[in-house]
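K.L.:
Sharing a model prediction with you, sequence too.
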Amino acid sequence: MTEAERYDAVVIGSGEGGKYLAWDMAQAGQKVAVMERRWIGGSCPNINCLPSKNEIWSAGVAHTVAHAGEYGVVAGPVSVDMKTVVARKRAMVESLVAFHLERYEATGAELVMGNARLVAPGTIQVALNDGGMRRLATEKLFLNLGTHATIPPVPGLAETRPLTHIEALELDRLPAHLIVLGGGYVGLELAQAYRRFGSRVTVVDRGPRLLKREDEDVSDEVRLILEAEGVEVLLSAEVANVEGRSAGSVRVTVRTPDGSRMIEGTDILVAAGRTPNTRGIGLEEAGVALTDPGTIKVNDRLETTAKDVWAIGECAGSPQFTHASLDDFRIIRDNLDGGDRTTTGRLMPYCMFIDPPLARIGMSEAQARANGMDLRVVKLPMKAVLRTRTTSQTAGFMKALVDPQDRIAGFTMIGSEAGEVMAVVQAAMLGGLSYSVLRDAVLAHPTMAEGLNALFGNVAKR
Ligand SMILES: Cc1cc2nc3c(=O)[nH]c(=O)nc-3n(C[C@H](O)[C@H](O)[C@H](O)COP(=O)(O)OP(=O)(O)OC[C@H]3O[C@@H](n4cnc5c(N)ncnc54)[C@H](O)[C@@H]3O)c2cc1C
Ligand SMILES: NC(=O)c1ccc[n+]([C@@H]2O[C@H](COP(=O)([O-])OP(=O)(O)OC[C@H]3O[C@@H](n4cnc5c(N)ncnc54)[C@H](O)[C@@H]3O)[C@@H](O)[C@H]2O)c1
């Protein structure tokens, strides 16, 4: 066996947090290597966030053009060329990969393309993609392994060769009837996009409502928005079996409270949650314990059960967002620098990119009530925000929770520009400001954020 090459730090997986950590440590003069088996820069730029938002934007353009007449603009019949949709996305991904390669070059972090596994504590073996093997020994090890789409153990499902988000974002043809298994983030974003491209779309979820982490009024509004565009939504629908072949003909038998039903489609997309990439790579043998769902066991400083081994992002059970993985990097970096930062209590915003988008920061109303919190809840329909009258985007609402000390405990918005408006509220929350600051701020007219004046104007005084 060849002697291991020595490194100060090795990162397995070039996801968001891992690559920033590698670049940061390498720039500080350390000898750092990043092992990546496929996606240079991780999932976000290659197969997840940015490719999906790219194609969702194309779908939005199709929708706008199809509805141009409502705005007095005369356009001809609309058709979508999926080959061009995918080509635009691929060009973006290529440019992002090039950007990442430049960062590796500039920082001096070494990118090693291959499949890595731990063969002993602190020793990693990489099966190189272009053949051969390398062994690296490291002082510090960072695991940024990510997750992959879960294929639920539904009889016949795997045999249909279902699409996951990866293949769905590479489709250069339009499915005639796309069945989407799972009404969460991935399922709903892609369901609306494919509906806008021109597919018939049916979403099947076993839960009694969409987006179970959100309040019921939020789930109901999202469902109304999607159904208004012709997306069929089947809830409390347990999938009994699936037959056929995706990209051809699939038959999905579902059991609902109203009895069994068969849905026939041409393609099936599985969007039923994620499974960590933590099995079979020697983690437990090297003292890195896993939790029951297979995420890496970490404390609130993202330290694993093994000495000098940290975990980052989805494989560490962090919230499944790119910005969470990025913040994991900051926590580890600052603690290595003598700081004392933890993941406890961090504010984690998110935005689901259906149109109009759903954004949330802080608590939901249901969470607050379950915690017995004494909160004032205020709501404002988006049609009360005058900007929406100018754009005809009146669907949705804003909702805020205000605590007894007049601080904002949570904010949810379904509406145009929701992610941007949420950032304003987030800044107020981070600053510990009273809700009255947003109620009384002079906000530019007519903007979506201007609605915050009226929303917080509804808070009853104590
Ligand atoms: C369709 C979709 C859309 C999304 N959209 C958004 C969004 O809009 N906004 C948002 O915030 N989040 C979004 N997410 C979630 C987001 O993409 C992830 O939370 C984010 O990319 C963080 O990932 P990570 O850092 O944990 O790991 P990843 O970025 O997944 O990186 C892990 C890397 O490790 C590599 N790897 C794993 N095992 C090995 C091994 N043994 N050897 C070598 N390499 C290995 C993998 O190839 C991968 O590149 C979306 C997810 C999906 C599925
Ligand atoms: N815009 C964003 O930030 C964005 C976009 C996409 C994904 N993501 C992240 O990725 C994560 C994973 O997304 P996801 O959509 O795969 O998971 P999810 O957890 O959001 O939704 C999965 C859905 O599938 C349903 N489901 C599971 N098994 C089923 C079965 N056998 N039959 C019918 N329904 C079933 C669940 O009830 C749930 O509603 C999200 O939680 C999110 O954190 C974020």
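P.N.:
It's in. Numbering: from 1, shown residues only. Ligands and ions are numbered 1, 2, ... in the order given.

K.L.:
Identify the residue of this structure closest to ligand 2, quick one.
P.N.:
Gly184 (1.9 Å; Cβ to the nearest ligand atom). Where you see a C-beta, it was placed from the backbone N, CA and C, and this is true even at glycine.

K.L.:
and the nearest residue to that residue once chain neighbours are set aside, how many residues sit next to it?
P.N.:
Among residues not flanking Gly184 along the chain, Ala271 sits closest, at 6.3 Å (Cβ to Cβ, 6 or more residues apart in numbering). Neighbour count for Ala271, taken as other Cβ atoms under 10 Å: 26.

K.L.:
same question, Glu110
P.N.:
17.

K.L.:
May I have stretch 156-166 exported as PDB, CA atoms only?
P.N.:
The C-alpha trace of stretch 156-166 is given here as PDB (Å, rounded to 0.1, in the frame of the first residue of the first chain):
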ATOM      1  CA  GLY A 156     -43.400  -1.100  -8.800                       C
ATOM      2  CA  LEU A 157     -42.100   2.500  -8.400                       C
ATOM      3  CA  ALA A 158     -38.400   1.900  -8.900                       C
ATOM      4  CA  GLU A 159     -39.100  -0.400 -11.900                       C
ATOM      5  CA  THR A 160     -40.900   2.500 -13.700                       C
ATOM      6  CA  ARG A 161     -37.500   4.300 -13.800                       C
ATOM      7  CA  PRO A 162     -39.000   7.500 -12.300                       C
ATOM      8  CA  LEU A 163     -37.600  11.000 -12.900                       C
ATOM      9  CA  THR A 164     -36.000  12.700 -10.000                       C
ATOM     10  CA  HIS A 165     -35.300  16.500 -10.100                       C
ATOM     11  CA  ILE A 166     -32.000  15.700 -11.800                       C
END
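
K.L.:
Distance from the chain centre to stretch 144-158, please.
P.N.:
Averaging C-alpha positions (Cα atoms, centre = their mean, to the nearest Å) puts stretch 144-158 16 Å from its chain's average.

K.L.:
Name the residues of it that are buried.
P.N.:
Buried positions in stretch 144-158, judged by neighbour count with 16 or more other Cβ atoms under 10 Å: 144-147, 149-150, 154, 156-157.

K.L.:
Stretch 132-145 too?
P.N.:
Those would be 134, 136, 138, 140-145, for stretch 132-145 by 16+ other Cβ under 10 Å.

K.L.:
Check stretch 302-320 too.
P.N.:
Result for stretch 302-320 [16+ other Cβ under 10 Å]: buried residues 302-306, 309-320.

K.L.:
so which of those residues also contact ligand 2?
P.N.:
Gln320 (Cβ under 6 Å from any ligand atom).

K.L.:
picking that back up, what is the nearest of the buried residues of stretch 132-145 to Lys31?
P.N.:
Thr138 (9.1 Å; Cβ to Cβ).

K.L.:
SS state for the closest one?
P.N.:
With DSSP: H, G, I helix; E, B strand; the rest coil as the basis, the three-state label of Thr138 is strand.

K.L.:
for it, what are its contacts?
P.N.:
Applying Cβ atoms under 8 Å, 6 or more residues apart in numbering to Thr138 gives the contacts 6-10, 33, 122-124.

K.L.:
next one: Ala370
P.N.:
Contacts of Ala370 by Cβ under 8 Å, 6+ apart: none found.

K.L.:
quick one: it from Gln320, how far?
P.N.:
22 Å (Cβ to Cβ, to the nearest Å).

K.L.:
before we move on, what about Val424?
P.N.:
Applying Cβ to Cβ, the value for Val424 to Gln320 is 24 Å.

K.L.:
Same check on Trp310?
P.N.:
18 Å.

K.L.:
One more: Leu438?
P.N.:
From Leu438 over to Gln320 the distance is 29 Å, taken as Cβ to Cβ.

K.L.:
Say whether ligand 2 is contacted by stretch 340-359.
P.N.:
Yes: Stretch 340-359 lies within reach of ligand 2 by Cβ under 6 Å from any ligand atom, at 350-353.

K.L.:
Show only the entries of those found in strands.
P.N.:
350-352 (DSSP state E).

K.L.:
I figured Gly42 was touching Gly146, is that so?
P.N.:
Yes: with contact defined as Cβ atoms under 8 Å, Gly42 reaches Gly146; the gap is 6.6 Å.

K.L.:
shared neighbours, the two?
P.N.:
13, 15.

K.L.:
In contact with whichever residue of the stretch 201-350 of the chain sits closest to ligand 1: list those residues for me.
P.N.:
Across the stretch 201-350 of the chain, the shortest distance to ligand 1 (Cβ to the nearest ligand atom) belongs to Gly313, at 2.4 Å. By Cβ under 8 Å, 6+ apart, the contact list for Gly313 reads 13, 15-18, 144-146, 324-325, 328.

K.L.:
same thing but at 6 Å, please
P.N.:
15, 17, 144, 325, 328 (Cβ atoms under 6 Å, 6 or more residues apart in numbering).

K.L.:
now that we have the residues of stretch 340-359 next to ligand 2, which one has the most neighbours?
P.N.:
Phe353 (21 neighbours).

K.L.:
Since that was my last question, I'll sign off now.
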